[in-house]
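K.L.:
Just need the structure, nothing else, for what follows:
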Amino acid sequence: MNELITNVAEKINTALHTLKQEPFQLTLRPAPAEDGILQNDCAVFRVDVQKYLTTAALQKIIQNPWADDMLLITEYVSPQQGEMLRNKEIQYADAAGNMFIRYPGVAILISNCAKPQRIEQEKCVGRAFSPTGLKLIFLLLTEPDALNWGYRNLAQYSGVSLGSVGYIMADLQNSGHLINADGKLIWKDRHKIIGKWCDYYRAKLLPRIKKRCYAGTVPENDLEYPLLAGGESAAEQLHLLKSRRLLAYCTGNINLCIVKNRWKEDIDGNIEIRTPFWPECRTFDKIPYLLIYADLLAEDDSRCTEIAGEIFNRFLRGDQ
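P.N.:
Sure, this is the predicted structure:
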């Protein structure tokens, strides 16, 4: 981490040199703190390091109070992430050269620096965070007591092969995500695994989910059809926002819905219907909050990110 801080500090000082401003002096704190202080005669910043600004990490940052003297340092801030951070007055700088820094007499905004080739945000992970593993983890996080089911039940209700279940469970235990407590498996840090699942869901599982897009009228009551509202649509049902879109998972034949509401296939339409990634034997009255949360984060939209924070705080934070 200290190498990242040093690298970013050099880029900040290069920008200050261009503006003929005094450079920062960097004071690093020893491990395990792995952060530091940037200071000159005009300002002092406490460094907060997030090596990879994942969707879940971004959501937590913009939801929590952020001090004026805090500076976020990370490997890369995308244009969309930068806009969200600036809207919250959160100052940042990355290893690519993007930055948003303000203090008396100085205002720096550099954006659209491309992600360097060396930065690979899709870290190498084991079987647990493959698309198949994500399906099993979804079951483990949303079904009470599933952590201690037999492997055959896990395979049946996750849609994952019996052999893969064994490999995935072993990977979760070997990596320390699952621990044995008095003969029962428990999550070492459930909140951490939720965040990680959401990040890899967006990157690896969501692109594989089959979907159809339509343009047409959003049903006033989609509950009369075999549709389960997700993302923005689920948040609207919870009275957390208003949306002109419909995002839903289809659990049966929706031909009547298509005809009645005059839907026409349109890749840019306001209606997105997804095929569930869980097996038919597992039924829901409504989409689990974990998936609503993940789908909102995947929108890369500041409004959806804020609502995702509400979903987490109301329905997932106390879920230990």
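
K.L.:
ok, now how distant is Gln81 from Trp187?
P.N.:
28 Å (Cβ to Cβ, to the nearest Å). Glycine gets a C-beta too; all of them are placed from N, C-alpha and C.

K.L.:
So which of those two has more stuff around it?
P.N.:
Gln81 (24 against 17; other Cβ atoms under 10 Å).

K.L.:
what mean pLDDT does stretch 191-206 have?
P.N.:
Average pLDDT, stretch 191-206: 94.

K.L.:
And stretch 272-281, by the same measure?
P.N.:
So the average pLDDT for stretch 272-281 ends up being 97.

K.L.:
Kindly state the distance between the middle of that stretch and the middle of its chain.
P.N.:
Offset of stretch 272-281 from its chain centre (Cα atoms, centre = their mean, to the nearest Å): 20 Å.

K.L.:
buried stuff in the helix or strand hosting Phe45?
P.N.:
Taking DSSP states H and E as the criterion, Phe45 maps to strand 44-50. The neighbour-count check on strand 44-50 (16 or more other Cβ atoms under 10 Å) flags 45, 47-50 as buried.

K.L.:
Kindly report the same for stretch 54-74.
P.N.:
Going by 16+ other Cβ under 10 Å, stretch 54-74 has these buried residues: 54-59, 61-63, 66, 71-74.

K.L.:
who touches Met84 in this structure?
P.N.:
Counting by Cβ atoms under 8 Å, 6 or more residues apart in numbering, Met84 touches 58, 62, 302, 305.

K.L.:
Among the residues you listed, which ones are in helices?
P.N.:
Within the contacts of Met84, residues falling in helices by DSSP state H are 58, 62, 302, 305.

K.L.:
Same list (the buried residues of strand 44-50) but as JSON lines, adding pLDDT.
P.N.:
Formatted as JSON lines, the buried residues of strand 44-50 follow (pLDDT from 0 to 100):
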{"residue": "Phe45", "pLDDT": "95"}
{"residue": "Val47", "pLDDT": "93"}
{"residue": "Asp48", "pLDDT": "92"}
{"residue": "Val49", "pLDDT": "92"}
{"residue": "Gln50", "pLDDT": "91"}
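
K.L.:
Quick check: the farthest pair among the residues you listed?
P.N.:
Based on Cβ to Cβ, the longest span within the buried residues of strand 44-50 runs between Phe45 and Gln50 and measures 15.0 Å.

K.L.:
Quick check: which ranges of the stretch 201-320 of the chain have low pLDDT?
P.N.:
Applying pLDDT under 70 to the stretch 201-320 of the chain picks out residues 319-320.

K.L.:
And the strands in it, which stretches?
P.N.:
Applying DSSP state E, counting those that start in this stretch to the stretch 201-320 of the chain gives strands spanning 211-215, 227-229, 246-250, 264-265, 271-274.

K.L.:
what would those look like in JSON lines with mean neighbour count and distance to Glu22?
P.N.:
As requested, the strands of the stretch 201-320 of the chain are arranged in JSON lines below (neighbours: other Cβ atoms under 10 Å; distance: least, Cβ to Cβ, whole Å):
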{"stretch": "strand 211-215", "mean neighbour count": "16", "distance to Glu22": "53"}
{"stretch": "strand 227-229", "mean neighbour count": "22", "distance to Glu22": "54"}
{"stretch": "strand 246-250", "mean neighbour count": "24", "distance to Glu22": "50"}
{"stretch": "strand 264-265", "mean neighbour count": "11", "distance to Glu22": "59"}
{"stretch": "strand 271-274", "mean neighbour count": "21", "distance to Glu22": "51"}
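
K.L.:
could I get those as CSV with distance to Asn112?
P.N.:
What follows is the strands of the stretch 201-320 of the chain, written out as CSV (distance: least, Cβ to Cβ, whole Å):
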stretch, distance to Asn112
strand 211-215, 29
strand 227-229, 35
strand 246-250, 29
strand 264-265, 34
strand 271-274, 29
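
K.L.:
Identify the residues contacting the closest residue to Asn13 other than its chain neighbours.
P.N.:
Distances taken as Cβ to Cβ, 6 or more residues apart in numbering place Pro23 nearest to Asn13, at 4.0 Å, with adjacent residues excluded. Contacts for Pro23 (Cβ under 8 Å, 6+ apart) come out as 13, 16-17, 40.

K.L.:
Can you tell me which of the residues you listed are buried?
P.N.:
By neighbour count, with 16+ other Cβ under 10 Å, those hold 13, 16, 40 as buried.

K.L.:
if we can go back for a sec, within its sheet, name the partner strands of the strand holding Phe45 and how each one runs.
P.N.:
According to DSSP bridges, strand 44-50 has the following sheet partners: strand 36-39 (antiparallel), strand 70-74 (parallel).

K.L.:
Could you tell me the least trusted of the ones you listed?
P.N.:
Here the lowest mean pLDDT among the strands paired with strand 44-50 goes to strand 36-39, at a mean of 92.

K.L.:
Let me have the buried ones among the contacts of Pro23 in CSV, adding distance to Gln156 as columns.
P.N.:
Listed next are these as CSV, based on distance: Cβ to Cβ, whole Å:
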residue, distance to Gln156
Asn13, 58
Leu16, 60
Asn40, 62
